[in-house]
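S.K.: Coordinates for the following, if possible.
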Amino acid sequence: MNINFDTIFICLVIGLLFSGCETSTATTQETNETKIEQQNSLAVSNTTQPMKKQIEVDPTVSLERLMGKVNEKSSGDLVRVDKHLTTKEKLYVHKDCYEAFKKMHAAAKDAGVHFKIVSGFRSFKDQKSIWEAKWNGRRKVEGQDLSKTIPSPKERALKILEYSSMPGTSRHHWGTDIDLNNLENSYFESGRGLKEYEWLIANAPSFGFCQTYTSKVNSDRTGYEEEKWHWSYLPIAKHWTEQYDLRIDDSEISGFDGAASAVDIQIKEKYILGIHQSCL
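M.R.: This next block holds a predicted model:
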């Protein structure tokens, strides 16, 4: 039998070419299908992403209420704290905050921990008195008469702002924020105070409370220094924080000595919104 090797060679080459084309086509098709699947998956992922919450003006919360330009009688939502639950003769907080606090107080008492509210609602007028006493030197700050030791308005304001709010910007205006037991961080670092603080960290969130001013060490949080005693009732305060951010500008912070520095300091961004992320 005569074998034509040229013919066989040609056939082999043609076979290899067709095989390569089929493999290349299959590979290309698989690659395209993978890309389509990835694109579809990404599209589904994008469409299922939660939309950013649209904040709208709440007409039930007035600008006067947000800025503390009310009193315990005109606010419509403040109640007086029972004497056995506070260190003050008369102290008021938001009614919803108070109900939550009473439940938290009872739970803590069962665990051998006792809480009293040392500060609650403060009006614009109250905060103005505190601020201007420090601003004008009638009340010393760390032993200093700031009106003499810090002549720069901005620097003096920043010093006071370490622990005290400008009138019109304090969360205490809302009655949703309470100070508990002591106003020194050192108290909560050992002994009975440490036990109280550890109980709050573990349990307060389940009652709706959040520590707004946490440590700024290894943190990008701005604003006030750490306050282990300051706890905010989020079911109300979170909404009011959003309303404040939406409706009030730094230029509207006025009516007290040193108010002009509010814009330069960016008081809303750095202080009102300068709280722990879990409280926003």
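S.K.: In contact with the residue nearest to Lys128 when sequence neighbours are not counted, which residues?
M.R.: Of all residues not flanking Lys128 in the chain, Pro167 sits nearest, at 4.2 Å (CB to CB, 6 or more residues apart in numbering). All C-beta atoms are positioned from the backbone trio N, CA, C, and that covers glycine. Pro167 makes contact with Gly68, Phe124, Lys125, Gln127, Lys128, Trp131, Ile253, Gly255, Phe256, Ala259, according to CB atoms under 8 Å, 6 or more residues apart in numbering.
S.K.: does Pro167 sit in a helix, a strand or a coil?
M.R.: Three-state assignment for Pro167 (DSSP: H, G, I helix; E, B strand; the rest coil): coil.
S.K.: Phe124 versus that one, what's the distance?
M.R.: Going from Pro167 to Phe124 by CB to CB, to the nearest Å gives 5 Å.
S.K.: ditto for His114
M.R.: Between His114 and Phe124 the distance is 32 Å, computed by CB to CB.
S.K.: Neighbour count for those two, which is higher?
M.R.: Phe124 (20 against 12; other CB atoms under 10 Å).
S.K.: Quick check: which ranges of this structure have low pLDDT?
M.R.: 1-52 (pLDDT under 70).
S.K.: Outline the domain layout of it.
M.R.: What automatic domain parsing lists as the domains of the chain is 1-49, 63-279.
S.K.: nearest to Ile55, of the ones you listed?
M.R.: Taking CB to CB, domain 63-279 is the member of these nearest to Ile55, at 5.1 Å.
S.K.: ranges for the strands of the stretch 1-150 of the chain?
M.R.: With DSSP state E, counting those that start in this stretch as the criterion, the stretch 1-150 of the chain has strands at 78-80, 92-94, 117-119.
S.K.: May I see the buried residues of the second one?
M.R.: Neighbour counts using 16 or more other CB atoms under 10 Å place Tyr92, Val93, His94 of strand 92-94 among the buried residues.
S.K.: Please apply the same query to stretch 232-249.
M.R.: Buried-residue list, stretch 232-249, by 16+ other CB under 10 Å: Ser232, Tyr233, Leu234, Ile236, Ala237, Lys238, Trp240, Thr241, Glu242, Gln243, Tyr244, Ile248.
S.K.: Count the residues that sit near Asn203.
M.R.: 15.
S.K.: my bad, should have said Glu227
M.R.: 18.
S.K.: how about it, secondary structure?
M.R.: coil.
S.K.: Any figure for the gap between the closest residue to it other than its chain neighbours and Ile236?
M.R.: Leaving aside its chain neighbours, Glu227 sits nearest to Tyr213 (4.1 Å; criterion: CB to CB, 6+ apart). Plainly put, Tyr213 is 18 Å away from Ile236 if you go by CB to CB.
S.K.: tell me the contacts of Thr169?
M.R.: Residues counted as contacts of Thr169 (CB under 8 Å, 6+ apart) are Met67, Ile253, Ala262, Ile267, Lys268, Tyr271, Ile272.
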